[in-house]
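Enquirer: when you get a sec, could you give me coordinates for this:
(2 chains)
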Amino acid sequence: MTFLALTGWQVLLLCAATSLLVIWLFFLKLRYPRVSVASLLLWRRVLEDTQHRSLLERLRRLLSLLLTLTIALLIVLAFSQPNSDTLTGAPRNVVLILDTALSMAGATADGKTRWLHARARAQQIIESAGATDKFLLADTSGRISTRMTADREELLAALETMSPTAATMALPAVNPKVTWETIFISDGANWASLPAGVRLLSVFEPANNIAITGFNIDSSGPRSNARTAHVEITSYSSEPADVVLTLSNESTPIIRRALTIDVGKTLLATVNLSSELSGGIRAQIESIGDALALDDVAVDYVPPQREVQVTLVTSGNDYLETLLSLEPRVELRIIQPEMYRDESTVDIYVFDRFAPNTAPSQPALLFKPPGRAWLAGSDRNQALRAVVSGVTAWDESHPILKFVSFIDVDIRSARHLDFATEANIQIVAEAAQTPLIVTGESSPHWVMVNFDFEESDFSVRPGFPIFMKNVIAWFVGESLTLRRRVGMVEVPLQQASIKSLDGESVAAKTNLKSTWFECLEPGLFVASSGDASIHVAVNLSTYGISDLNRSMLAEQNSDATLNRRLLHRELWVYLLLISIVLITLEWWTYHRRITV
Amino acid sequence: MAVTQDALFDGEFLKKLEYLRIVSKRMFGGHSKADRRTRQLGAGLEFADHRAYAPGDDFRRVDWRAYQRLEKLLLRLFEEEQDLPVYLFVDCSQSMTGGDPSKLTYARQVAAALSYIALAHLDRVTLTPYTDHLGREMASQRGKGQIFKVFKFLEQLTAGGETNAKRSFEKFCRSKRPRGVAVVISDFLDPYGFEASLNLLRYSHHDIFAVHVVHRSDAKPELRGDLELVDTELGTTLDIAASPALLSAYEKTFDEFCEHLAAYCARYRLGYVRTDTDVPFEDVILQVFRQKRFLA
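Expert: Residues are numbered from 1 along each chain as shown, chains lettered A, B, ... in the order given. Below is the predicted model of the structure:
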């Protein structure tokens, strides 16, 4: 037995001193209140009768002394905080980490989830720990981490607040100066390796899961007015599964299709949708024995489309004329540059190797324009020509380059312009520091393509029609739907307010460039900031999460406890409790004159 | 509390007292003529017997009617009526103090009343205080006129000292007093025991009445907690923890003590009266004493 506050001989000395003090106090003659009586003759007779009634009564003074001495020694020992390895165990510092990856939400054969098993194990460990054991409870998302404490209630309360989340997974850092025993409870689905010395407790259990691993509505197909839903369904099941796919638009079913998917296969379902269709589209699969519900749902958003008045100002460009005339929503008018007049009835101007002297009142797409003052970085003095072999960098996040690929696009030459850094000017594509596509972000927008069709093969690439669609959509204010994964969702709008499609506000944080909000399950949101608004489709669509059987761990092991200790609290608590019981006993017996 | 006539008795009460007289179970010879029958023959009014005439006898006592019938000279004998010696022993030990009224005050009131009753019937009253020795007694008084002397004497009695009735009564018995009624007014809390002292009076052939004065604090002490009891006479102390059980045991012991005293008196045909100081004094004299056949 050791004492945390005092050494052994100090405790012995203290006990001896306490015993002497108690005995001295016990025999110290207290002066009772004096009361005169006529005679003590009868009193003595009474006391003689009662005092010699039994052996216990003759010994009660001794009993009383022993009781008092025991109480005093128990209190002294309690204050010296003794510690017994046998009873309470040597003190340990335990870091208990729970894996809060979404794969932990996977169902198990008993109807629970991996997470519930993990939490039960953590609770078991905490409750079976010794009185002097201290815990630091943390999750892998970094959201919850307690202080190092022996307070079981605090730990269990923190455990209750944990749940699987889509946040980035990482093991918490601990103080290297302290000797820790690290226990990690996980299904092993998201961990390729773990630091050495970590004790792993597995809650892994094979599970059958069918997941939607991809979903989007494509409105840029060969028939431009058609919309096609692409649903990618993957089986992580050990047996073929019958799946029912349902697409619905604002709770109204659009289509319901029964599918069969083989073991380990991925199935791509394509569904043609009406061109009139717009709004939130929800894809859902149903299968028997599915282990994870989160990846059974996916959402996307189809913005409504309207007719656009486009005026092409060109001396002759077959590519542009053909492309724009084939666009069903575009009502095209072609004029010569000298016929150009700025008109408010036009929605979009497309200038081919021409630019007006003053900025038009409507958004404009310019292909290799001559230098003008309203165009940033223009070659007002002399155009420099740079020879480039291809696009080296482009901003995929910009609305006009959504789904546009510049890989293998050949550009023989482009104008080399020096751009002053301006807040509302953005270079969205460049080749060897030569700006290729520049956008004017302030209203009205403009897009300047800095190379000619004859100098590149961009116009014959599949991405060009998409580029044109994107530009038109951007000009008329139709934002493209952002597609994000569950977890912390970033929206490239400053100070944006986030609402679900139902109109419910979602708590969000903002920084200099974007707004962040947390989304733990698939859903559609609208981010609004000033005039701009973006629809955000949040889906799980993460292969690593849906594949519940991809684990580095074996199945559940049953040893979920620390070495079991006889006492669950520190020894001083029990000593103090016993002393309180004895004091109560002394009080009770004293008032009944059993003790003195 | 001073024992004065005004304090003790009003006129009505005195009248009632005059109708009472101390009952003696035996006949005792006194010194003076009075209205108590004695075994002696003399000049009383009550005819007792005849005896043969002897020369020198008073001719006036010859029963001439008997001579006429029997032709013998017979002398008529009459019972002598004398006074009754009444000895009132008042316990003046320290244990008689305390309480309101104190046991001593109560004892003095009882003694005064009994004295008045005795004096009213021409009995000879001797008041004797005692503690561990016999105190200065009041000389024998006779006649109602002496009652003020009795009051004055009782007023001067003070409590103090231990109780040792045996030693006190030894001295009394050695003084060869005429036999009479001996009334002992005491709490009988005698460390040497009451039996020895009463035996002494009994052996001296006095007609004994024990008047046991009891205060509420003796019978049912109202004590609580840890206490140091002090014996008022001896000054000795005793620590007790006054629990209900202990108090109950004490009350039981006290009752046993009273029963023991009563049983002793009954065994030897001694008069015994227990008077609680809570009981009004008049009730004790007019009712309790009469019920116990101490007064008639």
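
Enquirer: what about the strands in the stretch 101-250 of chain B?
Expert: Using DSSP state E, counting those that start in this stretch, the strands of the stretch 101-250 of chain B run over residues B:124-130, B:138-142, B:181-186, B:207-214, B:225-231, B:237-242.

Enquirer: and the last one, anywhere near chain A?
Expert: Put plainly, it is strand B:237-242. Yes: counting by Cβ under 8 Å from any Cβ of the partner chain, chain A has neighbours in strand B:237-242: B:237, B:238, B:239, B:240, B:241. All C-beta atoms are positioned from the backbone trio N, CA, C, and that covers glycine.

Enquirer: partner strands of that strand and their direction?
Expert: strand B:225-231 (antiparallel) (DSSP bridges).

Enquirer: show me the residue at the heart of the chain, geometrically.
Expert: In the absence of a named chain, chain A is used. residue A:167 (2.7 Å; Cα atoms, centre = their mean).

Enquirer: chain B is the one I meant
Expert: By Cα atoms, centre = their mean, chain B has its centre lying nearest to residue B:183, at 1.6 Å.

Enquirer: what bridges to that residue?
Expert: Under the criterion used (DSSP bridges), residue B:183 bridges to residue B:88, residue B:209.

Enquirer: residues in contact with it?
Expert: If you count contacts by Cβ atoms under 8 Å, 6 or more residues apart in numbering or on different chains, residue B:183 has them with B:86, B:87, B:88, B:89, B:111, B:114, B:208, B:209, B:211.

Enquirer: tell me where the chain has helices.
Expert: This is for chain A. Assigned by DSSP state H, chain A shows helices spanning A:8-27, A:41-51, A:55-58, A:60-79, A:114-128, A:152-161, A:318-326, A:463-475, A:543-546, A:571-591.

Enquirer: meant chain B actually
Expert: Under DSSP H, chain B gives helices at B:5-8, B:11-18, B:64-70, B:103-120, B:147-155, B:165-174, B:194-203, B:216-219, B:244-267, B:281-283, B:289-291.

Enquirer: just these: most buried one?
Expert: Highest mean neighbour count among these (mean count of other Cβ atoms under 10 Å in any protein chain shown): helix B:103-120, with a mean of 25.

Enquirer: please work out which residue of the stretch 251-400 of chain A is closest to chain B.
Expert: Relative to chain B, the nearest point of the stretch 251-400 of chain A is residue A:293 (72.8 Å; Cβ to the nearest Cβ).

Enquirer: give me the neighbour count for the closest residue in space to that residue that isn't next to it in sequence.
Expert: Distances taken as Cβ to Cβ, 6 or more residues apart in numbering or on different chains put residue A:105 closest to residue A:293, at 7.8 Å, once the chain neighbours are dropped. Other residues near residue A:105 number 24, with proximity taken as other Cβ atoms under 10 Å in any protein chain shown.

Enquirer: and residue A:105, what does it touch?
Expert: A:113, A:114, A:115, A:164, A:292, A:293, A:294.

Enquirer: what residues does residue B:253 make contact with?
Expert: A:42, A:45, A:46, A:49.

Enquirer: kindly report the same for residue A:490.
Expert: So residue A:490 contacts A:484, A:514, A:515, A:516 (Cβ under 8 Å, 6+ apart).

Enquirer: now these in JSON lines, with neighbour count and distance to chain B?
Expert: Listed next are the contacts of residue A:490 as JSON lines, based on neighbours: other Cβ atoms under 10 Å in any protein chain shown; distance: Cβ to the nearest Cβ, whole Å:
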{"residue": "A:484", "neighbour count": "18", "distance to chain B": "81"}
{"residue": "A:514", "neighbour count": "16", "distance to chain B": "80"}
{"residue": "A:515", "neighbour count": "22", "distance to chain B": "77"}
{"residue": "A:516", "neighbour count": "15", "distance to chain B": "74"}
